[in-house]
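Asks: Give me coordinates for this.
(chains A, B, C and D)
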2 protein chains.
Amino acid sequence: MTEARPAAEPRWLTSTEMDAWLNVTQLLMLLPTALDRQLRDDAGLPHAHYRILTMLSAERDGSMRMTQLARRAGTTTTRLSHAVSVLEERGWVERSACPTDKRGQVARLTSDGWNFLRSAAPGHVAEVRRLVFDHLTDDDVTRLREITAKLLPSLAD
Amino acid sequence: MTEARPAAEPRWLTSTEMDAWLNVTQLLMLLPTALDRQLRDDAGLPHAHYRILTMLSAERDGSMRMTQLARRAGTTTTRLSHAVSVLEERGWVERSACPTDKRGQVARLTSDGWNFLRSAAPGHVAEVRRLVFDHLTDDDVTRLREITAKLLPSLAD
DNA sequence: CCGTTGTTGTTGAAGTTTCAATAGTGGAGT
DNA sequence: ACTCCACTATTGAAACTTCAACAACAACGG
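Replies: Here you go, the predicted model:
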């Protein structure tokens, strides 16, 4: 025998892959921090909470089941449960029992929630432009959409 | 006069930009969570802490000033200070006074720190491959490196 | 109908990040 | 030497996330 099974030399990253990965991880650290800062300063909530509101606002009635909302927002049910509690205290979201499944809860954007989003959106979009799209060509954007689309499926369970 | 200054209609995202942005933000939510889970389960620390160790390991003597380490790791000095306290308790990092600047502190990877990294790296690289590079062509990787390189400068202060 | 298993959503404690405040030192100008 | 401002790093409290445990209901098979 030559070597134990799990000790087989791993396939390390190539030089190009390593460069890309260093950039990606740096972006993973810096971009959320930058988005959080703008939203905290200007609107008083973290990006993850803002995201929950926008996902609700994409529904016609501004409401969604908790589990589905968690999936859409890219978060966990635990995180969502805590977050909705905060958003509920601020009056932007309301919980109600699901009529078709007694286990379920439905989160709904309140009137204040809609108003808040309308007031916060322009500043946030401006920041997203400033941080991201101002630096990219149309072709970059298309390619970014394609590449991210390839990565998402395996991350969504 | 027609309208107040800050109320000018913002430049909303185009359809393509919005698609790309939805993907990017979803990635921003899911990828760190996935990296954290693998590292917590297999190595017992979050990705941000692992990243600090790898940045130290890239230095020949495994040591760096706190502020520079924070920049390299894409974090803040506050976060780093807390993180190094944890890493120090686990025996993977040591602090010492900077000889040339009495305000400064130097973080250094210990022998245990090096050993830990050697043991954790293969599993982590495998996960990075599984989550990211297995889904991308060589051209994708090159393009990803270019696009991220365009975004980083404005994020690094 | 009953037991079993899976799903939904919440909770509390522990760990991590954020924010504001702070102490100590460096550096430039007077 | 002194003043002023910038830089370095840390601290504690509040906010957010993670993890394990749990309660309640749904869905399925016997």
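Asks: From here on, just use CA atoms for contacts and neighbour counts.
Replies: Noted.
Asks: separation between the residue nearest to A:Leu13 when sequence neighbours are not counted and A:Trp12?
Replies: Sequence neighbours aside, B:Val125 is the residue nearest to A:Leu13 in space, at 7.6 Å (criterion: Cα to Cα, 6 or more residues apart in numbering or on different chains). Using Cα to Cα, to the nearest Å, B:Val125 is found at 7 Å from A:Trp12.
Asks: wouldn't A:Asp36 be in contact with A:His49 here?
Replies: No. The pair A:Asp36 and A:His49 does not pass the contact test of Cα atoms under 8 Å, sitting 9.7 Å apart.
Asks: so, in contact with DNA strand C or not, the longest helix along chain A?
Replies: Criterion DSSP state H: the longest helix present in chain A is helix A:15-43. Yes. Under the criterion of Cα under 7 Å from any atom of the strand, DNA strand C is reached by helix A:15-43 at A:33, A:36-37, A:40-41.
Asks: Could you find the closest non-adjacent residue to A:Val93?
Replies: A:Leu109 (4.6 Å).
Asks: ditto for A:Leu45
Replies: Here the residue nearest A:Leu45, using Cα to Cα, 6+ apart, is A:Leu39, at 5.9 Å.
Asks: confidence score at the one you found?
Replies: Confidence at A:Leu39, expressed as pLDDT, is 97.
Asks: One more: A:Pro10?
Replies: Looking at A:Pro10, the pLDDT reads 82.
Asks: returning to that earlier point: mind listing the shared neighbours of B:Val125 and A:Trp12?
Replies: Here B:Val125 and A:Trp12 have no joint contacts, going by Cα atoms under 8 Å, 6 or more residues apart in numbering or on different chains.
Asks: quick one: buried residues of stretch A:38-52?
Replies: By 16 or more other Cα atoms under 10 Å in any protein chain shown, the buried positions in stretch A:38-52 come out as A:38-39, A:43, A:45-52.
Asks: er, stretch A:129-147 I mean
Replies: A:129, A:131-133, A:135-136, A:140-141, A:143-145, A:147.
Asks: what does it rub up against?
Replies: Stretch A:129-147 is contacted from outside by B:16-17, B:19-21, B:23-24, B:136, B:140, B:143-144, B:147, B:150-151, B:154-155, using Cα under 8 Å, 6+ apart.
Asks: could you redo the last one with a cut-off of 7 Å?
Replies: Applying Cα atoms under 7 Å, 6 or more residues apart in numbering or on different chains, the contact partners of stretch A:129-147 are B:16-17, B:19-20, B:23, B:140, B:147, B:150-151, B:154.
Asks: remind me which residues of chain A are low pLDDT?
Replies: A:1-7 (pLDDT under 70).
Asks: show me where it has helices.
Replies: Secondary structure of chain A (DSSP H): helices at A:15-43, A:47-57, A:66-73, A:77-89, A:111-131, A:138-155.
Asks: coming back round to it: output the buried residues of stretch A:38-52 as TSV; include the columns distance to B:Leu117.
Replies: Output for these, formatted as TSV (distance: Cα to Cα, whole Å):
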residue	distance to B:Leu117
A:Gln38	35
A:Leu39	36
A:Ala43	40
A:Leu45	36
A:Pro46	32
A:His47	32
A:Ala48	31
A:His49	34
A:Tyr50	36
A:Arg51	35
A:Ile52	36
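Asks: Count the residues that sit near A:Arg11.
Replies: Other residues within reach of A:Arg11, judged by other Cα atoms under 10 Å in any protein chain shown, total 10.
Asks: and chain A, which of its residues are near chain B?
Replies: Contact residues, chain A versus chain B (Cα under 7 Å from any Cα of the partner chain): A:10, A:12, A:16-17, A:19-20, A:23-24, A:26-30, A:74-75, A:122, A:125, A:131-132, A:135, A:140-142, A:144-145, A:147-152, A:154-155.
Asks: Quick one, which of these are buried?
Replies: A:17, A:19-20, A:23-24, A:26-30, A:74-75, A:122, A:131-132, A:135, A:140-141, A:144-145, A:147-152, A:155.
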